[in-house]
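> Fold the following.
(2 chains)
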Amino acid sequence: MTHRDDVRDRLQTVFRETFDDDSIELADEMTAEDLDDWDSVSHISLVLAVEREFGVTLNAAEIGSLENVGAMIAMLRAKK
Amino acid sequence: MTDWGGIKARAAAGDAKGAFAGLAALARHEDDFVTQRKYARLLDKLPKDGLELRPLKLALLASSTTDHFAEILRLWLALEGFDADIFQPSFGQTAQSVLDPASDLYAFAPDMVWFFGNWRDVRIEVAPGAGRAEVDAAIEAAVAEAAGLWHALQRHAPALIVHNNADIPAMDVFGHLEANVPWSRRSLLRRYNLALADALPPGVSLFDLEHVSSCWGKDRWTDSRYWYHSKHAFAFDAAGTLAFQFARLAGAAKGLAKKCLVLDLDNTLWGGVIGDDGMDGIKLGNGAAGEAFADFQDYARELKERGVILAVCSKNEDANAREPFEHHPAMRLRLDDIAVFRANWNNKADNIREIAETLNIGLDSVVFVDDNPAERSLVRDFLPMVTVPELPEDPALYAAALHRERLFETLSFSSEDRVRNDYYRANASRSELRHAYADLGEFQRSLTMVAAVGAIDSFHLPRAAQLINKSNQFHLTTTRYGDAAIKAMLEDPAWQGRHFSLKDRFGDNGLIAVVLLHRQGGDALVDTWVMSCRVLGRGMEEFIANDLVQTARAMGCRHLIGRYIPSKKNKLVAGLYPRLGFTLVEDRDGETVWRLDLDDAPPLTTFIARG
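Alright, predicted model coming up:
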């Protein structure tokens, strides 16, 4: 549980920095629909920030498939 | 304080200037993409009014995705002094937008157009083993494709064009053999890059993407994941370097490149302290450190030979400081190479200010190199407009540290550049002579000056354009035109371009002034008048005015109309037109318009003969 929350906290920081919005609270079901600034361009900036923060490298298919926060957290846990 | 938290705090408190200065100190072009983006977004939110940035309209025409890069590019253009408005056509619309005169591209009216291609855009394939004729034809066709875009663009917009050459990929199928044969992809692209350079018309410059990618490292230059996912043609982390280098090139195109390198002596040009260690004791030429110092001197000398002015600023007795230049066998720099030599015990900020005054150049075109961090910090504090690169402790790394800043970009090289240092040295002698004469007229007569004048032709065009784009102080209307724009104007009979050179008994000053006249009814409007400040106080302004009167009469005009558009740097010429006998017709917030009646314009007195 603690492990998952640690990932969630760090991911939340990444979201806040990427979208420049300190009020963002992550929820598993959150998708690009829920954040105005989350478009295909900022999605790539988000993935790059995630890669840097967690020291992981996503493959080309994974980059596009992270459509919601829950999927991102699951993927990051699997990569660790 | 230049940590990120402090910068954010300043931005939040409404201190845009402070936040911007902090970003300038903190941002490094090597920083990774996520960091660069953070800086860029902060900059985007700052109000730009107080930052003294000049507007730049840039069209970024790419075959790959450049949305992320454009953000970073705006950051580095701002740090170079531009408030950039970047236009990107819809994906894949480059050729259409260039070829269609009614496209959004032309409605945008760019100052600069960057054809941001990559190697995949160069359609140049031949079968393995193909013969020379087939290879040549393939290269010629690929170059013609690029040239077609330039010509189409130049027909519809007077913008400066920057074009990427090919970033030759690391991958190959024949290994080292690719370098041995003309038909391999690597050889084809190498030849293409050379042929592209050969085909450049005036007004088009190459951006050496091949060089940038090599310096960055070919193996990490592309991140194929992001090519397949979203057509990003280079690694995100290279964005800063790429944007920084383009910004320097854009700066050079708009007159922001540096002009003068001011060098410290002890432990900068040689190891040790000349006043203490003496000629035999300083490290120069021999030994690891001695060789490194000699090489750094060579680098400075090469910069001088391409047009950078060299000056010395050192805490030393003057005679001690000069001795190595005169007698040390391993010195690569000689006194002849130094336009202004200041060795004394005054503070360096004062000395640098005096050097700039003597050379008649702005402090913001000065670069100061000193091994001593305390001196660097003093100069940064007192003269924030002077560029002071950080220098590592090891002299072996000095040249690389200076080169890293890319301070001396230029879009052209003329024979004037090669001898610029001599002009400035001769000027120092002239200014000493001036002290010996009580009367300015007597001084001017003693110079035995001869000026050459003519219409700007294709031979004089590059230097004329260079002068227009580099001049800040003696520039009445602050216009900037590229080669192509000037060429287009001069093809129109309503325009006349004049160039002026000046010789005197100390030497040839070269082409030192350019004027563009535009006939509008019975008026000849001085659209542009620039002059090199090194010939100030010689009566050249009066000489030029006399020529303009004649030229305007020959154009069939009755009035000569001068305009003064104030900028941060051209106060020098605010009073030029009244001094030349023009009368004020309009004053709008300091922007003034002046008229001279050509029926009543007696020639002004000068001591310059027409040669």
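> the longest helix in chain B is where?
In terms of residue count, the longest helix belonging to chain B (DSSP state H) is helix B:132-156.
> just checking, what packs against that helix?
Applying 3 or more CB pairs under 8 Å, 6 or more residues apart in numbering or on different chains; DSSP states H and E, we find helix B:132-156 packed against helix B:94-99, strand B:112-116, strand B:160-164, helix B:185-198. No exception for glycine: its C-beta is placed from N, CA and C like everyone else's.
> relative to helix B:185-198, how tilted is the third one?
Spelled out, it's strand B:160-164. Orientation of strand B:160-164 against helix B:185-198 (axes from the mean of the first three to the mean of the last three CA atoms, to 10 degrees) gives an angle of 170 degrees.
> I'd like the average pLDDT over strand B:160-164.
The average pLDDT within strand B:160-164 is 96.
> Other residues contacting that strand?
B:111-118, B:146, B:150, B:153-154, B:196, B:203-207, B:209, B:246, B:249, B:253, B:482, B:484 (CB atoms under 8 Å, 6 or more residues apart in numbering or on different chains).
> Just the buried ones from those?
B:111-118, B:146, B:150, B:153-154, B:196, B:203-207, B:209, B:246, B:249, B:253, B:482, B:484 (16 or more other CB atoms under 10 Å in any protein chain shown).
> before we move on, the earlier item: I'd like to know which of the helices and strands packed on helix B:132-156 lies nearest to B:Val369.
Taking CB to CB, strand B:160-164 is the member of the helices and strands packed on helix B:132-156 nearest to B:Val369, at 28.9 Å.
> Just give me how far the very next helix or strand once past that closest one sits from the chain centre.
Counting by DSSP states H and E, the next helix or strand C-terminal to strand B:160-164 is helix B:177-180. Using CA atoms, centre = their mean, to the nearest Å, the mean C-alpha position of helix B:177-180 is found 37 Å from that of the whole chain.
> Show me what counts as buried in helix B:177-180.
Those would be B:Glu178, for helix B:177-180 by 16+ other CB under 10 Å.
> And stretch A:67-79, by the same measure?
For stretch A:67-79, by 16+ other CB under 10 Å, it's A:68-69, A:72-73, A:75-76.
> And the contacts of it?
Residues from elsewhere that reach stretch A:67-79 (CB under 8 Å, 6+ apart): A:3-4, A:7-8, A:11, A:26-32, A:50, A:54, A:56, A:58, A:62, A:65-66.
> Just the buried ones from the residues you listed, in PyMOL syntax?
Isolation of the buried members of the contacts of stretch A:67-79 (16+ other CB under 10 Å) is achieved in PyMOL through the command below:
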select buried, chain A and resi 7+8+11+26+30+32+50+54+58+62+66
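> I'd guessed B:Lys259 sits against B:Leu310; true?
No: judged on CB atoms under 8 Å, B:Lys259 makes no contact with B:Leu310 at a distance of 10.7 Å.
> Who are the contact partners of B:Val340?
B:311-312, B:355, B:358-359, B:424, B:428.
> can you check B:Glu591 too?
Contact analysis of B:Glu591 by CB under 8 Å, 6+ apart lists B:563-566.
> And those, which is closest to B:Ala13?
Proximity of the contacts of B:Glu591 to B:Ala13 was ranked by CB to CB; the top entry is B:Pro566 with 31.2 Å.
> gap between the closest one and chain A?
38 Å (CB to the nearest CB, to the nearest Å).
> And for B:Arg553?
On the measure of CB to the nearest CB, B:Arg553 and chain A end up 59 Å apart.
> any idea of the angle the helix or strand containing B:Ala485 forms with strand B:160-164?
Per DSSP H and E: B:Ala485 is located in helix B:483-490. Relative orientation of helix B:483-490 versus strand B:160-164 (the same axes, to 10 degrees): 150 degrees.
> Give me the next element, helix or strand, following helix B:483-490.
strand B:495-504.
> Could you tell me how far that next one lies from the centre of the chain?
With CA atoms, centre = their mean, you get 22 Å for strand B:495-504.
> still on that earlier bit, among the contacts of B:Glu591, the buried ones, what's the PyMOL command?
To isolate the buried members of the contacts of B:Glu591 in PyMOL, using 16+ other CB under 10 Å:
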select buried, chain B and resi 563+564
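> Tell me which of the contacts of B:Glu591 fall in strands.
The members of the contacts of B:Glu591 that map onto strands under DSSP state E are B:563-564.
> Rebuild the contacts of B:Glu591 as JSON lines, extending it with pLDDT.
As requested, these are exported to JSON lines (pLDDT from 0 to 100):
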{"residue": "B:Arg563", "pLDDT": "96"}
{"residue": "B:Tyr564", "pLDDT": "96"}
{"residue": "B:Ile565", "pLDDT": "95"}
{"residue": "B:Pro566", "pLDDT": "93"}
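> From the contact counts, what lies against the host helix or strand of A:Asp5?
A:Asp5 is part of helix A:2-19, with elements assigned from DSSP H and E. Applying 3+ CB pairs under 8 Å, 6+ apart, we find helix A:2-19 packed against helix A:40-54, helix A:69-79.
> closest one to B:His559 among those helices?
helix A:40-54 (54.4 Å).
> Nearest residue to B:Arg334 in space, ignoring adjacent ones along the chain?
B:Phe325 (5.8 Å; CB to CB, 6 or more residues apart in numbering or on different chains).
> pLDDT-wise, which helix or strand of the chain ranks last?
Chain wasn't specified; assuming chain A. Lowest by mean pLDDT, DSSP states H and E among the helices and strands of chain A is helix A:60-65, with a mean of 81.
> Hmm, no, I was thinking of chain B.
Ranking every helix and strand in chain B by mean pLDDT, DSSP H and E puts helix B:420-436 at the bottom, with a mean of 71.
> Low-confidence regions, the stretch 501-611 of chain B specifically.
Applying pLDDT under 70 to the stretch 501-611 of chain B flags no residue at all.
> Give me the contacts around the least confident helix or strand of chain A.
Identification of contacts with helix A:60-65 by CB under 8 Å, 6+ apart yields A:44, A:47, A:71, A:75, B:224-226, B:228-230.
> 7 Å instead?
For helix A:60-65, contacts defined as CB atoms under 7 Å, 6 or more residues apart in numbering or on different chains pick out A:47, A:75, B:225, B:228-229.
> got it, and stretch B:124-133?
Outside stretch B:124-133, the residues that touch it by CB under 7 Å, 6+ apart are B:134-135, B:138-139, B:142, B:182-183, B:188, B:192.
> returning to what we had before: now, the contacts of B:Val340 that are in strands?
Among the contacts of B:Val340, the members found in strands (DSSP E) are B:311-312.
> Just the buried ones out of the contacts of B:Val340, please.
If we count by 16+ other CB under 10 Å, these have these buried: B:311-312, B:355, B:358-359, B:424.
> Lowest-confidence entry in the residues you listed?
B:Tyr424 (80).
> Enumerate every residue touching that one.
If you count contacts by CB under 7 Å, 6+ apart, B:Tyr424 has them with B:309, B:339, B:359, B:534.
> out of those, which are inside strands?
Using DSSP E, these in strands are B:Ile309.
> Let's see which of the contacts of B:Tyr424 end up in helices.
B:Leu359.
> Sort out which one of the contacts of B:Tyr424 lies nearest A:Trp38 for me.
Of all these, B:Ile309 has the smallest distance to A:Trp38: 52.0 Å, by CB to CB.
> State the distance from that closest one to chain A.
Using CB to the nearest CB, B:Ile309 is found at 43 Å from chain A.
> correct me, but that residue touches B:Lys259?
Yes: using CB atoms under 7 Å, B:Ile309 is in contact with B:Lys259, at 5.9 Å.
> what about B:Asn570, how many residues close to it?
20 (other CB atoms under 10 Å in any protein chain shown).
> packing partners for the helix or strand harbouring B:Leu303?
According to DSSP H and E, B:Leu303 maps onto helix B:287-305. In terms of contacts (3 or more CB pairs under 7 Å, 6 or more residues apart in numbering or on different chains; DSSP states H and E), helix B:287-305 is packed against strand B:260-263, helix B:398-404.
> ok, the first one: who's next to it in the sheet?
In the sheet containing strand B:260-263, the strands it pairs with under DSSP bridges are strand B:309-315 (parallel), strand B:366-369 (parallel).
> what angle do the longest one and helix B:287-305 make?
Spelled out, that is strand B:309-315. With the same axes, to 10 degrees applied, the angle from strand B:309-315 to helix B:287-305 works out at 130 degrees.
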